[in-house]
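J.: quick one: sequence and predicted model below, then my questions.
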Amino acid sequence: MLIVMAMIGVLLAIATVSYRTTRIRAQNARREADIQQVRTALEIYRSDNGTYPNVSVSGNMQTAVGATYLTNSVQDPVGGTYVYTYGCPASGCAAGTCTTAGREYGISYLPATLAGPGTRVCLGEP
């Protein structure tokens, strides 16, 4: 009986770790899909306006692009106050905003790992 309970305990532990890993992978996949949606919105904005939107170096994506280009709410899959951020690199910024000469941007998010938050992932202009 004790051996059976020990085996059930081991199987339960394995299942719990597997479930957490699967959930984290799904959340990170959602983050990556959101980043692609943001990238598309930025490119459409640039196509229409000739430059990327003016925004502080660490601005909120919804505010930067607006509802015209980014219709769905882009929020971290686990909720909370975490948001995706958008900014322009120092070479294309003046006083913290993108200039019309600045044709670059950076999008970043923080993926999850079993040990907690992972290393920030930053994507720039394709």
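T.: The structure has been received and is ready for your questions.
J.: show me where the chain has its strands.
T.: Shown for the chain, the strands assigned by DSSP state E span residues 59-60, 85-87, 93-94, 97-98, 106-109, 112-113, 116-117, 121-124.
J.: weakest of those in terms of mean pLDDT?
T.: Here the strands of the chain differ in mean pLDDT, and the lowest is strand 93-94 at a mean of 42.
J.: tally of neighbours for Q75?
T.: Using other C-beta atoms under 10 Å, Q75 is surrounded by 16 other residues. All C-beta atoms are positioned from the backbone trio N, CA, C, and that covers glycine.
J.: from R31, how far out is it?
T.: 10 Å (C-beta to C-beta, to the nearest Å).
J.: do the same with Y52
T.: Per C-beta to C-beta, Y52 is found 21 Å from R31.
J.: more crowded one of the two?
T.: Y52 (24 against 21).
J.: against I8, how distant is that one?
T.: For Y52, the distance to I8 equals 56 Å [C-beta to C-beta].
J.: could you do I44 as well?
T.: I44 is 54 Å from I8, by C-beta to C-beta.
J.: higher neighbour count, these two?
T.: Comparing I44 with I8 by other C-beta under 10 Å, the one with more neighbours is I44, at 14 against 10.
J.: pLDDT score assigned to the residue lying closest to the more buried one once chain neighbours are set aside?
T.: Spatial nearest neighbour of I44, excluding adjacent residues (C-beta to C-beta, 6 or more residues apart in numbering): Y69 at 5.4 Å. Looking at Y69, its pLDDT stands at 81.
J.: for the chain, which spans come out with low pLDDT?
T.: Residue ranges of the chain with pLDDT under 70: 54-64, 72-73, 80-110, 113-126.
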